[in-house]
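# got a structure for you, letters missing:
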């Protein structure tokens with residue numbers, strides 16, 4: 001089966017001599033379990049211990065200022081702009097006697113990226129990621145929320161940054177546990193990330209959990225050729241599948257292959273009918289895989305439950321320059337692209353597929369100020385991908401990221417964008433400790 005690499009307590013002991021104050025690793029020291037926030041500059045200290053002032057206990061004259069969510073910063077109680085000390089002191093003897101299940105339930109609600117800082121508190125917390133009780137509680141709490149994962153290679157060294165949308169902070173995650181051939185970021189689903197690459201002349205695929213630093217290589221496919229891949233995770237069934245469609249160089253004679261983690265093998269399915277694809281971008285929603293086609297015009301759909309392909313004659317909007325299929329929640333399928341032949345008349349629009357009428361319905365347009373800032377040139381390339389009704393736009397040349405919320409109909413820039421590298425690959429990512437690579 002493939003090789004397996006995973007982090008454990010021994011990995012922490014090896015790096016134990018590199019620990020500095022507060023249990024955070026130095027940036028220049030590459031420890032396998034390092035997760036450090038990427039800061040764009042200095043920040044204001046809002047801790048009550050950072051200020052000294054007189055205390056006013058009148059409830060009517062106090063004001064509560066809430067800072068970052070989910071425990072990243074403490075709430076600050078201020079009186080006329082001056083911080084005061086909390087009334088209740090933390091008793092070590094009381095907190096040391098917390099029942100195991102209550103402690104696990106508390107830690108399970110801590111943002112995943114903060115867990116690595118807490119591991120340096122004591123040996124008990126250091127082994128928390130291998131604790132089955134903690135993983136059980138972690139699997140039952142609501143998701144941390146969507147993140148953006150950026151992957152690139154700097155002098156053949158894998159680099160990864162993750163932007164937490166709820167915390168609005170970038171974090172650096174070491175990816176030096178991956179083999180050198182893992183070059184192409186296939187995508188992410190349910191806390192797992194999939195990569196592919198050429199190891200010599202052999203095309204290989206692997207899945208990993210960036211938080212636990214575990215990974216494994218999938219068995220070889222029946223046909224050793226570079227394929228278009230997409231991964232989907234079933235959290236209820238605790239399994240995942242990888243779908244391999246046509247050869248990226250246009251070989252239409254290859255059958256569709258599907259890897260099932262429960263069976264740990266690839267199965268052969270129907271060959272995709274001869275069509276001319278618009279692009280290699282795919283979208284998966286409602287157990288269906290969608291691809292754009294030029295001839296015949298419309299969509300090719302692969303049904304995972306039956307293993308067969310079918311064609312949907314959904315005509316594209318007129319004057320569409322470049323289109324991206326984006327999967328939303330439930331059965332929602334979006335089409336994102338530029339309209340207009342001339343730079344002064346171009347605009348970015350979003351359509352949704354009406355499954356009953358088999359037609360694209362426009363639901364939104366990018367405001368001109370965002371469009372001009374994202375794409376300054378008419379021929380400039382951009383990438384587009386989505387998850388849970390969130391659509392992200394990235395520009396190759398500008399190094400910018402723009403987010404659109406379909407439900408709230410709101411546009412916003414990604415703060416402190418770390419998408420500057422021209423060869424960076426980006427996808428949505430849901431951090432989960434309980435995501436299994438098996």
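Cool, got the structure. All figures in this text were calculated on a predicted structure; none of them were measured in a lab.

# Residue 269 - how many residues pack around it?
Per other CB atoms under 10 Å, the neighbour tally for residue 269 reads 19. Every residue, glycine included, has its C-beta placed from N, CA and C.

# Pull out the buried positions in the strand or helix carrying residue 309.
Using DSSP states H and E, residue 309 falls within strand 308-312. Neighbour counts using 16 or more other CB atoms under 10 Å place residue 309 of strand 308-312 among the buried residues.

# how about the strands in the stretch 251-400 of the chain?
According to DSSP state E, counting those that start in this stretch, the stretch 251-400 of the chain carries its strands in the segments 255-260, 265-271, 276-285, 288-295, 298-303, 308-312, 320-327, 333-339, 347-354, 359-365, 382-387, 390-395.

# Please identify which of these is closest to residue 412.
For these, the distance to residue 412 is smallest for strand 390-395, at 10.5 Å, taking CB to CB.

# The closest one - contacts with which helices or strands?
strand 333-339, strand 382-387, strand 401-405, strand 425-429 (3 or more CB pairs under 8 Å, 6 or more residues apart in numbering; DSSP states H and E).

# so it versus strand 382-387, what angle?
With axes from the mean of the first three to the mean of the last three CA atoms, to 10 degrees defining the directions, strand 390-395 sits at 160 degrees from strand 382-387.

# Just want the angle from strand 390-395 to strand 347-354.
Calculated by the same axes, to 10 degrees, strand 390-395 forms an angle of 150 degrees with strand 347-354.

# quick one: low-confidence ranges for this protein?
Flagging of the chain using pLDDT under 70 yields the residue ranges 1-90, 248-252, 279-280, 341-344, 377-379, 396-399, 416-422.

# And for the closest residue to residue 175 other than its chain neighbours, the neighbour number?
Closest residue to residue 175 apart from its sequence neighbours, by CB to CB, 6 or more residues apart in numbering: residue 158 at 3.8 Å. Around residue 158 there are 19 other residues, counting by other CB under 10 Å.

# Just say helix, strand or coil for residue 158.
Here residue 158 is strand, with the state taken from DSSP: H, G, I helix; E, B strand; the rest coil.

# got the helices and strands packed on strand 390-395 as CSV, with mean neighbour count and distance to residue 227 columns?
Rendered in CSV, the data for those read as follows (neighbours: other CB atoms under 10 Å; distance: least, CB to CB, whole Å):
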stretch, mean neighbour count, distance to residue 227
strand 333-339, 22, 23
strand 382-387, 21, 19
strand 401-405, 20, 28
strand 425-429, 21, 17
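
# Quick one: closest of those strands to residue 178.
With CB to CB, the closest approach to residue 178 among the helices and strands packed on strand 390-395 belongs to strand 425-429: 13.1 Å.

# Please enumerate residues in contact with the helix or strand hosting residue 187?
Using DSSP H and E, the element containing residue 187 is strand 184-189. For strand 184-189, contacts defined as CB atoms under 8 Å, 6 or more residues apart in numbering pick out 149, 151, 193-197, 205, 229-233, 240, 242, 425-430.

# Could you do stretch 263-281 as well?
Residues outside stretch 263-281 that contact it (CB under 8 Å, 6+ apart) are 1, 219-222, 228, 244-246, 248, 252-260, 291-296, 300, 302, 307-309, 311, 322-325.

# which parts of it are buried?
In terms of neighbour count (16+ other CB under 10 Å), stretch 263-281 has its buried residues at 266, 269, 272, 275, 277, 278, 281.

# How about stretch 348-368?
Applying 16+ other CB under 10 Å to stretch 348-368 flags 348, 349, 350, 351, 352, 353, 360, 364, 366 as buried.

# just those residues now: which is nearest residue 387?
Nearest to residue 387 among the buried residues of stretch 348-368, counting by CB to CB, is residue 350 at 14.8 Å.

# circling back: partner strands of the strand holding residue 309 and their direction?
Strand 308-312 pairs in its sheet with strand 298-303 (antiparallel), by DSSP bridges.

# Contacts for the strand it pairs with, please.
By CB under 8 Å, 6+ apart, the residues outside strand 298-303 that reach it are 243, 245, 256, 272-273, 275, 277, 287-293, 308-315, 325.

# rerun at 7 Å
When contacts are defined by CB atoms under 7 Å, 6 or more residues apart in numbering, strand 298-303 is touched by residues 256, 272, 275, 287-293, 309-315.

# Please apply the same query to stretch 233-241.
Stretch 233-241 has contacts (CB under 7 Å, 6+ apart) with 189, 190, 192, 207, 231, 232, 258, 259, 260, 261, 262, 436.

# And those residues, which of them are buried?
For these, a burial check counting by 16+ other CB under 10 Å picks out 189, 190, 192, 207, 231, 232, 258, 259, 261, 436.

# now these in a markdown table, with distance to residue 335?
A markdown table is the format used below for those (distance: CB to CB, whole Å):
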| residue | distance to residue 335 |
| --- | --- |
| 189 | 21 |
| 190 | 25 |
| 192 | 27 |
| 207 | 29 |
| 231 | 22 |
| 232 | 20 |
| 258 | 25 |
| 259 | 28 |
| 261 | 31 |
| 436 | 34 |
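
# Next up, the contacts around residue 259.
Shown in contact with residue 259 (CB under 7 Å, 6+ apart): 218, 241, 242, 266.

# ok, and the most crowded of the residues you listed?
Scoring the contacts of residue 259 on neighbours with other CB under 10 Å, the highest-scoring entry is residue 242 at 24 neighbours.
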